[in-house]
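J.: got a predicted structure plus its sequence, pasted below:
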Amino acid sequence: MNMDQLKRQAAARALEEVRDGMQLGLGTGSTAKHFVELLGERVAAGLEVIGVPTSEATRADAERCGVKLTTLDEIDHLDLTIDGADEIDAELNLIKGGGGALLREKIVAAASDRMIVIADDSKWVPTLGKFPLPVEVIPFGLGATRRAIEKAFAECGVSGQMAVRKAKDGHVFVTDGGHWIVDAQLGRIADPPGLAKALSAIPGVVEHGLFIGLASSAVLAGGDGIRVIERRKPKGDQE
Ligand SMILES: O=C(CO)[C@H](O)[C@H](O)COP(=O)(O)O
């Protein structure tokens with residue numbers, strides 16, 4: 001089975017958790033896209049749900065698949081968010097943002113009672129950090145923000161090259177919110193909650209790709225089948 005088939009399997013397993021009437025957060029990326037497509041098939045067969053997309057790309061996919069959409073201004077909470085991840089550790093801390101949608105993804109995950117992360121099992125890691133950590137920044141004052149980020153890294157015992165993300169056409173990648181992303185090659189993040197806190201305190205940082213205490217469970221599809229890992233601590237508990 002290839003990686004794309006594994007992603008679709010994880011998406012299909014998460015779909016089993018969806019019930020009639022649910023308000024859903026819809027993630028971004030190739031795995032989340034499988035989920036939206038499979039959800040669309042269930043909607044065509046009569047399932048009643050409404051979704052909040054985490055990116056303009058997911059909005060377009062959901063519309064194409066016939067999934068009804070709303071916003072977090074129109075509803076007051078989400079029952080369940082299903083989203084992919086770039087790395088997942090045993091505490092269900094995540095690195096997200098490979099697709100550049102981390103800001104909306106975090107807003108949606110935080111507004112959701114539960115978040116299920118879906119992935120092929122290559123995303124399961126002993127320690128976060130091999131995948132470059134995305135940090136979404138305001139373009140104004142980028143030099144100062146980068147220096148503050150470097151200082152936060154040093155205080156948290158990590159270091160590595162930083163690069164402003166480029167789109168395929170070579171221009172700076174601009175997020176749905178109009179911001180830029182700095183990708184940091186840290187290799188190993190020993191204390192993800194500590195680093196998350198330090199980055200959140202920097203004025204020019206809009207958001208970062210460390211998702212701490214947000215995922216309720218992870219559905220990992222691999223050659224040996226599907227594994228579901230449940231979070232041991234309640235949502236939002238970062239200790
Ligand atoms: O965080 C994300 C987008 O911002 C994605 O969920 C993450 O990059 C995983 O993507 P894929 O499912 O394509 O591997």
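T.: In hand now; what should we look at? Just so it is clear, the model here is predicted, and its values are computed rather than measured.
J.: confirm that Lys197 sits in a helix.
T.: Yes. Assessed with DSSP: H, G, I helix; E, B strand; the rest coil, Lys197 lies in a helix.
J.: what about the residue positioned nearest the centre of the chain, distance to the ligand?
T.: Centre of the chain computed as the mean C-alpha position; nearest residue by CA atoms, centre = their mean is Lys96, 4.1 Å away. Separation of Lys96 from the ligand (CB to the nearest ligand atom, to the nearest Å) stands at 3 Å. C-beta coordinates here come from the backbone N, C-alpha and C atoms, glycine included.
J.: helices of the protein, start to end?
T.: 3-15, 30-44, 56-64, 102-110, 142-155, 192-200 (DSSP state H).
J.: which residues sit in contact with the closest residue to Ile107 other than its chain neighbours?
T.: Leaving aside its sequence neighbours, Ile107 sits nearest to Leu72 (CB to CB, 6 or more residues apart in numbering; 7.1 Å). Each residue near Leu72 by CB atoms under 8 Å, 6 or more residues apart in numbering is listed here: Val52, Leu78, Ile107, Val108, Ala111.
J.: out of the helices of the chain, which is closest to Asp169?
T.: helix 56-64 (16.2 Å; CB to CB).
J.: tilt between the closest one and helix 30-44?
T.: With axes from the mean of the first three to the mean of the last three CA atoms, to 10 degrees applied, the angle from helix 56-64 to helix 30-44 works out at 20 degrees.
J.: any low-confidence regions in this protein?
T.: 234-239 (pLDDT under 70).
J.: get me the contact residues on it for the ligand.
T.: Within the chain, the positions near the ligand by CB under 6 Å from any ligand atom are 27-32, 83-86, 96-102, 105.
J.: I'd like to know which of those are buried.
T.: The neighbour count (16 or more other CB atoms under 10 Å) marks 27-29, 31-32, 83-86, 96-102, 105 as buried among the residues of the chain next to the ligand.
J.: filter these down to the ones in strands?
T.: Counted as lying in strands by DSSP state E, out of these, are Asp83.
J.: mind giving me the domain split of this protein?
T.: 3-125+212-230, 133-208 (automatic domain parsing).
J.: please identify the deepest-packed of the ones you listed.
T.: For these, average neighbour numbers computed from mean count of other CB atoms under 10 Å are highest in domain 3-125+212-230, which has a mean of 20.
J.: got the end-to-end distance for it?
T.: 23 Å (CA to CA, to the nearest Å).
J.: report the distance from stretch 110-123 to the chain centre.
T.: 7 Å (CA atoms, centre = their mean, to the nearest Å).
J.: and stretch 93-103, by the same measure?
T.: With CA atoms, centre = their mean, you get 4 Å for stretch 93-103.
J.: go on, stretch 147-162?
T.: Per CA atoms, centre = their mean, the centroid offset for stretch 147-162 relative to its chain is 22 Å.
J.: compute the first-to-last residue distance for that stretch.
T.: 11 Å.
J.: what does that stretch rub up against?
T.: 129, 135, 146, 182-191, 194-195, 198-199, 201-205.
J.: ok, Lys7 - contacts?
T.: With CB under 8 Å, 6+ apart, Lys7 has these contacts: Ser30, Thr31, His34, Gly84, Ile118, Ala119, Asp120, Ala221.
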